[in-house]
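Visitor: Make a model of this:
(chains A and B)
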Number of protein chains: 2
Amino acid sequence: MSSISPLRRLPVPLMDSILHRTRSMIPCQSRLFSATCQRRATVSLEALDASKGNRERIVILGSGWAGYNLAQQLSAKYQTLVISPRSYFVFTPLLNSTAVGTLEFRTALEPVRSRKKPNIEFMQGRAEDINFGKKLVTVEETVAAPREGRAVVGDFYEEESLDEAQKEKAKKRRKGKEWEVSYDKLVVAVGCYSQTFGTPGVRENAYFMKDVGDARKIRKRVLECFEIANLPTTSETLREQLLSFAIIGGGPTGMEFAAELSDLISEDLTRLYPEMVKKVKIVVRDVAPSILSMFDQKLAKYAMKQFTRQGVDVRTSTRVVALRKGLPHQKGHNEHMNVVADSQGCYTLTTEDDGEIGVGMCVWSTGNMMNPFVQRELKKTHGFPSASATITSSPAPKEPSAIDWMIEKHPKTGAIVVDDRLRVQLTSVSPSSTSSTAPHPFPATPSTATVSDVFALGDNATIRNNPLPATAQTASQQALWLAKRFNKDDLEKEPFTFKNMGIMTYLGDSKGLVQTGGVMGDISGRAAWLIWRGAYLTMSISWRNKFLISTFLNWAFGRDISRF
Amino acid sequence: MSSISPLRRLPVPLMDSILHRTRSMIPCQSRLFSATCQRRATVSLEALDASKGNRERIVILGSGWAGYNLAQQLSAKYQTLVISPRSYFVFTPLLNSTAVGTLEFRTALEPVRSRKKPNIEFMQGRAEDINFGKKLVTVEETVAAPREGRAVVGDFYEEESLDEAQKEKAKKRRKGKEWEVSYDKLVVAVGCYSQTFGTPGVRENAYFMKDVGDARKIRKRVLECFEIANLPTTSETLREQLLSFAIIGGGPTGMEFAAELSDLISEDLTRLYPEMVKKVKIVVRDVAPSILSMFDQKLAKYAMKQFTRQGVDVRTSTRVVALRKGLPHQKGHNEHMNVVADSQGCYTLTTEDDGEIGVGMCVWSTGNMMNPFVQRELKKTHGFPSASATITSSPAPKEPSAIDWMIEKHPKTGAIVVDDRLRVQLTSVSPSSTSSTAPHPFPATPSTATVSDVFALGDNATIRNNPLPATAQTASQQALWLAKRFNKDDLEKEPFTFKNMGIMTYLGDSKGLVQTGGVMGDISGRAAWLIWRGAYLTMSISWRNKFLISTFLNWAFGRDISRF
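Guide: Predicted coordinates for the structure are as follows:
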């Protein structure tokens, strides 16, 4: 097993200082076999109630960085119930690596149901509504949902080709059964959807990078493009388009994918398809004037130089206006034509600057949009939840129940506004024009209230007057802080504070960027890559040792039950 | 890394005697980096011809046990061209383990294109026709074929719901581009399709176990069945049907799947879904009066006892007559109804004995049927290939070119008949009744001939008067023998002889069966399991060390490029 030693030779003190916090984000799961698995997953709502005993039930909506980490950290004095359409947690920083085959898909997955945490209950479903007064969540089942394991983009049920009436019908037909679950504490951590800015055709034709199904789709398509390009029957024009890969979005996710793709091609595919590799084009496009804008300018410049050296073409200040199936300049393209004999699944990107561009694949990574559940369903409160809400504005309204209340949202992002204890905030609704005849004097400034038993964290929440980056780091820190408060029952002790642990990214060709936020200065190049690789490697190993010896451990300690 | 030691403690002399041959089936690939990768994969037919130089070109149709192993063993003095719709080899004995999550999917895959074997060329496609006289293969491209990675059942293009004219149209529309490749030697190793005996609905609704896509589909469905059964909205009736798993076929593949599924449930799922596990039913059905008929009766009886003990219900002498979507006794079931809200993807099995049975999944494993390419396209020879065929019957016909010839097939299985050097056999066609006025005197017994440059091996071939089991062992031994003969240019030296190395299977609960064919007697129980597990483990390790430390080796030595 000498092959492990290079890892051990990483600059240990340097790595440790980085890892100290990254590792602390990840729950320690060394108890591989808990001898007493007394409380176990239950099936019916009655069984759920029965096994609850006199514990409080904490319902967590979502199984991402916030929801998963919170659930893992909560002590058994609570009955923890995770409700999520996805039965596993995705370790998103590893997705790019799985997409190019550097890592197994399952290294990036962790099932929510776990033999090691028998106090975590799980129901696969999607929250449809919350009743703050009755403390009930309405859940819709989603087990056999067709897009499971793929990024969610736009409306879950929406079908572009249908008119409004048809859409409504399709939605009804597809709607799963619903049930209600009561909570003592509720945590909203449903995250965000992928942002497409409504660009026509993007939702249907782009490749995203949010879930393991996306990574698999991308991996399959890249290899397919090379295989088709290599066929004797493929024309030179088609070949060039098959081997042209577009990445939209110059943030860390998009740039890391470009880096990994460039590595895959220059290190592996060049040996298998030497003639093809010369024709490959990787182009990253961003509307902004620069890429990796969260890094210092010096580091971002270094990154640009690296990408250029590796043949990754970065085009800034450029806008994509459409994406469709087929080859450029094919007018009247019939969607039902034989894709195999025709464009071999190629796509056409329309840009403001360069017109129509034929590509083999377009990876879309332009950030987040608010989850439709947060946007639409989490609006009105169905009355003032007197038992759990405290008025925070003054003068306090005399009859809070007489006013309409809604959940406060960030005016720009639409995220749920929370206080420094991550509690959901309510705001009174100014009476609409139709009720202007009402004698009730409405104050000029709306009243506000704090709900003591509903929390929101991660990408779908924003702390009032303290906006934080919508990253895994923020979500994890919030989850660990909230778990600690719940476990110790001392929410009032101190507010949540964010500790910037720095950011890092991979640039390809064994080079990276690390920006530590002042603690250690900035690092670029090979040392940064070692830290990047080492950090994720070690996180993954300490997390469940799955990275290196996954299969054997699995044989010894249990199988992977992540469904993908 | 002490976790590996249990393996090292396997009964070494015992294991080695078993492994000696299994290991020898697998090409040694210790040269992880070949320093001189001079000859590399080429793109166009011109480049293929140019890189051929003065070497002979051996075209191999198929990338299964026969085709893959032959290609791996051929020396660089030949230009080896593999043509297969599948760009990887599937290590089929591990598929069952990947389906239940014991192993990673990629442990069971090996790409045909390999950095270590630059002399192997690959084209993804399906042979459509062979011209024996001109020595040409017509190939149709299949890269983006919809069912890639799944078992092939029945006609590749067939769509049940269409009439003949529509089928022909659909076939034409879907047909990929074609091209021709010339060969010096041709090896037909396209294997077989999964046999369904034409049972209605099986092709569309059953789960097969021949490719990695099948294994993934099964794994996803098993976990999905538990997840849906666990929902509060699922009725007791539906729950029972979701947790009822039917396996049709009591051969080693079906029985091993039953064993692995039983293990998965009793070892892992019981902790996650304790309420559900009590309701699980695993039923194996076979038309024959006994299971595992290739084993001695004593061993088969032991197996039956084991399965019964594990709660696997084995029903012999029972026939399945149909399989459809939906629940039992739902008349007029509409295929387009909402499957999510309705039967949750359940299936109904119709049996001769027990009537309609609702199941969550039906795994079909009833053996092989001849490949349609062998059955339909490999028929007539388009004239007598005078340059390569030798008449073997006497008296020899005076004018071989004047008679019609066809490829000799086994009257029952339809397999290509070969001689003891695996060469394809021709037989003269008796004149049809319409040409009865022809003056040409046709001999009472048909003439026969041997083609010196076209070979057939594996499941799609049968040696005249020497039928062998259609197993991986047979295919591998034939491939290694033929590679040796080609490399040494001594085909005439000695005929192929099969060495029975015994058979083994897994019974679940860490027990197995090994029947060594007399060498060491028969072994059952835990010792047999250790041998079974050890054999595949060691085969896999020596094969490319991927089993235990796949991910790390991969990081160090190159990525997995199997597309799935």
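Visitor: Low-confidence ranges, the stretch 401-550 of chain A, go.
Guide: A:430-444, A:517-521, A:526-550 (pLDDT under 70).
Visitor: Please apply the same query to chain A.
Guide: Scanning chain A residue by residue, the ranges that satisfy pLDDT under 70 are A:1-43, A:101-104, A:106-107, A:115, A:143-149, A:151-175, A:330-343, A:430-444, A:517-521, A:526-564.
Visitor: Apart from its chain neighbours, what residue comes closest to residue A:357?
Guide: Distances taken as C-beta to C-beta, 6 or more residues apart in numbering or on different chains place residue A:349 nearest to residue A:357, at 4.7 Å, with adjacent residues excluded. No exception for glycine: its C-beta is placed from N, CA and C like everyone else's.
Visitor: name the helices or strands packed onto the helix or strand hosting the one you found?
Guide: Using DSSP states H and E, residue A:349 sits within strand A:347-351. Applying 3 or more C-beta pairs under 8 Å, 6 or more residues apart in numbering or on different chains; DSSP states H and E, one finds that strand A:347-351 contacts strand A:320-325, strand A:355-359, strand A:361-364.
Visitor: Please work out which of these is packed deepest.
Guide: Across the helices and strands packed on strand A:347-351, the average number of neighbours (mean count of other C-beta atoms under 10 Å in any protein chain shown) peaks for strand A:361-364, which reaches a mean of 24.
Visitor: In terms of secondary structure, what does the helix or strand following it contact?
Guide: Per DSSP H and E, the first helix or strand lying C-terminal to strand A:361-364 is strand A:368-370. Helices and strands touching strand A:368-370, by 3+ C-beta pairs under 8 Å, 6+ apart, are strand A:192-194.
Visitor: ok, then the element right after the strand it packs on?
Guide: Per DSSP H and E, the first helix or strand lying C-terminal to strand A:192-194 is helix A:202-205.
Visitor: wait, isn't the residue nearest to residue A:357 in contact with residue A:326?
Guide: No - here residue A:349 does not reach residue A:326: they are 11.4 Å apart, not a contact under C-beta atoms under 8 Å.
Visitor: okay, the two: which has more neighbours?
Guide: Taking neighbours as other C-beta atoms under 10 Å in any protein chain shown, residue A:349 and residue A:326 compare with residue A:349 leading, 26 against 20.
Visitor: and that one, bridged to which residues?
Guide: With DSSP bridges as the criterion, residue A:349 is bridged to residue A:323, residue A:357.
Visitor: quick one on the thing from earlier: of all the helices and strands packed on strand A:347-351, which lies closest to residue A:307?
Guide: Residue A:307 lies closest to strand A:361-364 among the helices and strands packed on strand A:347-351, at 15.0 Å (C-beta to C-beta).
Visitor: could you check whether the closest one is close to chain B?
Guide: No - using C-beta under 8 Å from any C-beta of the partner chain, we find that strand A:361-364 stays clear of chain B, coming within 12.8 Å at best.
Visitor: what helices or strands is that strand leaning on?
Guide: By 3+ C-beta pairs under 8 Å, 6+ apart, strand A:361-364 packs against helix A:212-229, strand A:244-248, strand A:347-351.
Visitor: Now do the strand holding residue A:349 against strand A:244-248, angle only.
Guide: Following axes from the mean of the first three to the mean of the last three C-alpha atoms, to 10 degrees, one obtains 50 degrees for the angle between strand A:347-351 and strand A:244-248.
Visitor: Next, count neighbours for residue A:466.
Guide: Neighbours of residue A:466 (other C-beta under 10 Å): 13.
Visitor: is it true that it touches residue A:420?
Guide: Yes - Residue A:466 is in contact with residue A:420 according to C-beta under 8 Å; the separation is 7.1 Å.
Visitor: any chance you could map the strands in the stretch 51-200 of chain A?
Guide: Secondary structure of the stretch 51-200 of chain A (DSSP state E, counting those that start in this stretch): strands at A:56-61, A:78-84, A:88-90, A:109-111, A:120-131, A:136-141, A:178-182, A:185-188, A:192-194.
Visitor: got it, and the stretch 451-564 of chain A?
Guide: Using DSSP E, counting those that start in this stretch, the strands of the stretch 451-564 of chain A run over A:461-463, A:503-508, A:511-515, A:522-525.
Visitor: how about TSV for those strands, with mean neighbour count added?
Guide: What follows is the strands of the stretch 451-564 of chain A, written out as TSV (neighbours: other C-beta atoms under 10 Å in any protein chain shown):
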stretch	mean neighbour count
strand A:461-463	23
strand A:503-508	24
strand A:511-515	25
strand A:522-525	19
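Visitor: Go through these and name the closest to residue B:490.
Guide: strand A:503-508 (50.3 Å).
Visitor: With just CA atoms, put the closest one into CSV.
Guide: What follows is strand A:503-508, C-alpha atoms only, in CSV (Å, rounded to 0.1, in the frame of the first residue of the first chain):
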residue,chain,number,x,y,z
ILE,A,503,-11.6,30.0,-0.7
MET,A,504,-9.8,27.7,-3.0
THR,A,505,-10.2,26.4,-6.5
TYR,A,506,-8.5,24.2,-9.0
LEU,A,507,-6.9,25.5,-12.2
GLY,A,508,-5.9,22.3,-14.0
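Visitor: one step back: please identify the deepest-packed of the helices and strands packed on strand A:361-364.
Guide: For those, the highest mean count by mean count of other C-beta under 10 Å goes to strand A:244-248, at a mean of 25.
Visitor: Spell out the secondary structure type for the residue nearest to the spatial centre of chain A.
Guide: Most central in chain A under C-alpha atoms, centre = their mean is residue A:210, positioned 5.5 Å from the mean C-alpha point. Classification of residue A:210 by DSSP: H, G, I helix; E, B strand; the rest coil places it in coil.
Visitor: thought it was touching residue A:192?
Guide: No - with contact defined as C-beta under 8 Å, residue A:210 does not count as touching residue A:192 (9.2 Å).
Visitor: any common contacting residues for the two?
Guide: Residues touching both residue A:210 and residue A:192 (C-beta atoms under 8 Å, 6 or more residues apart in numbering or on different chains): none.
Visitor: now the strands: where do they sit in the stretch 301-450 of chain A?
Guide: Using DSSP E, counting those that start in this stretch, strands in the stretch 301-450 of chain A cover A:312-315, A:320-325, A:347-351, A:355-359, A:361-364, A:368-370, A:389-391, A:405-407, A:416-418, A:423-428, A:448-456.
Visitor: Can you show me the helices along the stretch 451-564 of chain A?
Guide: Assigned by DSSP state H, counting those that start in this stretch, the stretch 451-564 of chain A shows helices spanning A:472-488, A:526-544, A:546-557.
Visitor: Pull the number of nearby residues for the closest residue to residue A:185 other than its chain neighbours.
Guide: Once flanking residues are discounted, residue A:185 sits nearest to residue A:58: 4.6 Å by C-beta to C-beta, 6+ apart. If you count neighbours by other C-beta under 10 Å, residue A:58 ends up with 23.
Visitor: Thought residue A:78 was touching residue A:58, still the case?
Guide: Yes - the pair residue A:58 / residue A:78 is scored as a contact, 4.9 Å apart, by C-beta under 8 Å.
Visitor: which neighbours do the two share?
Guide: Common neighbours of residue A:58 and residue A:78 (C-beta under 8 Å, 6+ apart) are A:185, A:486.
Visitor: Thank you, goodbye.
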